[in-house]
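Student: Attaching a predicted model along with its sequence, questions to come.
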Amino acid sequence: MTIGGCCDDADSPLLWILTSEITGQEGGAISIQCHHSEDFKFISKYWQRGLEWNSCETLTSVTFGEDQSQRSFPLSRSRLDMTDSGHYWCVGEYSEVKLGTPLELRVKASSLLWINDSVVTGIRGGMVSIRCHYTQDYKCYVKQWCKGEEWNSCEIVAQAMTWKVGDKVRLDDDESQDIFTVNVSALEMTDAGHYWCIMENNEVKLGTAVKLIVKEVLPSTETSTSGIPPTVQTSSDMPSLSHKEKAFISLAIMGSSLILFLALSIILKRYVTKMKGELYVIITTI
């Protein structure tokens, strides 16, 4: 027996989603929870896609017993494409009974949560700041910074309003500017990797991907067998002259120039005197 809808009567819901519509952005990620009654914690559950209830395509399948305390399971999709827009169903089955509640996913080209550059580069020992922009509709969402290549299994590294002085990672949410900023200090090579800027409320989670690259402070050098990195001597590494040595060399050059000038002056004076004598003899003879 197949039942479309979320409950058997108005007072006792069996399977439900708190919102029937969710909007994501192209290239981003979304996650939404589908809840079920405690009475149905052992039935199979999955998501289907399609407008018609009886002709849907099954997307994922899990078992209720995996996390009975939550009594919910997520629909998570990353790297959203415009073709992901459409109708989905949260489905639960028990014996011959099948329950379903609908969800509409809209993927927009315009950004809801974005950064200006999806690749950020920092220097080991330094600091980077990542500015995550969002639209006004998401001011009240909890802002998070999550590490991990996969959207469903990333580890939350920082969250707004929870950091303290001295923390390596700090997240500040400026609601007046619709920006939350992630500051990562004392960068290490292990900090490199894939991250997500995330906005989340109790039911819906949105995210956009960021890649952090950490480079060495100086160009890498090979280590010698003694354990000491080899050095390459350049012109800038050669010993430089002291101020006294430079002054001595300058005075020596000036002294040599003066002696040369005096010598030339004496030779020129003698030559002129000699020429005058020869000219006098010629005049007297005449």
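Tutor: Structure received.

Student: Run through the bridge partners of Leu15.
Tutor: His36 (DSSP bridges).

Student: That one against Asp39, yeah?
Tutor: No. If you go by Cβ atoms under 8 Å, Leu15 and Asp39 don't touch, sitting 10.5 Å apart. Backbone N, C-alpha and C define where each C-beta goes, glycine included.

Student: More neighbours: which of the two?
Tutor: It is Leu15, of Leu15 and Asp39, that has more neighbours when counted by other Cβ atoms under 10 Å, with 23 against 11.

Student: Please tell me how far the more buried one sits from Pro102.
Tutor: According to Cβ to Cβ, to the nearest Å, Leu15 and Pro102 sit 11 Å apart.

Student: can you pull out the helices in the stretch 151-286 of the chain?
Tutor: 243-285 (DSSP state H, counting those that start in this stretch).

Student: Can you pull out the low-pLDDT segments for it?
Tutor: Counting by pLDDT under 70, the stretch 151-286 of the chain shows low-confidence ranges at 218-248, 272, 274-286.

Student: anything in contact with each of Leu15 and Pro102?
Tutor: Cys90 (Cβ atoms under 8 Å, 6 or more residues apart in numbering).

Student: so what strands line up beside the host helix or strand of Leu99?
Tutor: If you go by DSSP states H and E, Leu99 is part of strand 97-108. Sheet pairing here is set by DSSP bridges, and for strand 97-108 it gives strand 2-4 (parallel), strand 21-25 (parallel), strand 86-94 (antiparallel).

Student: Which one, of those strands, ends up nearest to Ser78?
Tutor: Across the strands paired with strand 97-108, Ser78 has its closest neighbour in strand 21-25 (9.7 Å, Cβ to Cβ).

Student: secondary structure element for the closest residue to Ile115 other than its chain neighbours?
Tutor: Distance criterion Cβ to Cβ, 6 or more residues apart in numbering; nearest residue to Ile115, sequence neighbours excluded, is Cys132 at 5.6 Å. Using DSSP H and E, Cys132 falls within strand 128-134.

Student: mind listing what's buried in that strand?
Tutor: Residues 128, 130-134 are the ones in strand 128-134 that count as buried (16 or more other Cβ atoms under 10 Å).

Student: nearest to Leu268, of these?
Tutor: Val128 (73.1 Å).

Student: For the closest one, list the residues it contacts.
Tutor: So Val128 contacts 120-122, 183-184, 187, 212 (Cβ under 8 Å, 6+ apart).

Student: just to revisit the earlier point, give me the mean pLDDT for the helix or strand that the strand holding Leu99 is followed by.
Tutor: Next helix or strand after strand 97-108 toward the C-terminus (DSSP H and E): strand 113-114. The average pLDDT for strand 113-114 rounds to 89.

Student: Tell me which helix or strand comes right after strand 113-114.
Tutor: strand 119-123.

Student: Contacts for that following strand, please.
Tutor: 128, 130, 184, 187, 191, 210-217.

Student: Kindly report the domain assignment for this structure.
Tutor: The chain breaks down by automatic domain parsing into domains covering 2-108, 113-215.

Student: Quote the end-to-end distance of the last one.
Tutor: From the first residue to the last, domain 113-215 extends over 27 Å; the measure is Cα to Cα, to the nearest Å.

Student: centre of the chain versus that domain, how much separation?
Tutor: Taking the mean of its C-alpha atoms, domain 113-215 sits 8 Å from the chain's own mean (Cα atoms, centre = their mean, to the nearest Å).

Student: and what of the first one?
Tutor: In terms of Cα atoms, centre = their mean, the centre of domain 2-108 is set 32 Å apart from its chain centre.

Student: Mean confidence (pLDDT) on it, please.
Tutor: 76.

Student: sorry, back to before: let me know the closest of the buried residues of strand 128-134 to Gln48.
Tutor: Tyr134 (30.4 Å).

Student: buried ones in stretch 104-115?
Tutor: For stretch 104-115, by 16+ other Cβ under 10 Å, it's 105, 107, 112-115.

Student: now the nearest residue to Lys215 once chain neighbours are set aside: how far from Asp117?
Tutor: Leaving aside its sequence neighbours, Lys215 sits nearest to Ile123 (Cβ to Cβ, 6+ apart; 5.8 Å). Taking Cβ to Cβ as the measure, Ile123 and Asp117 are separated by 16 Å.
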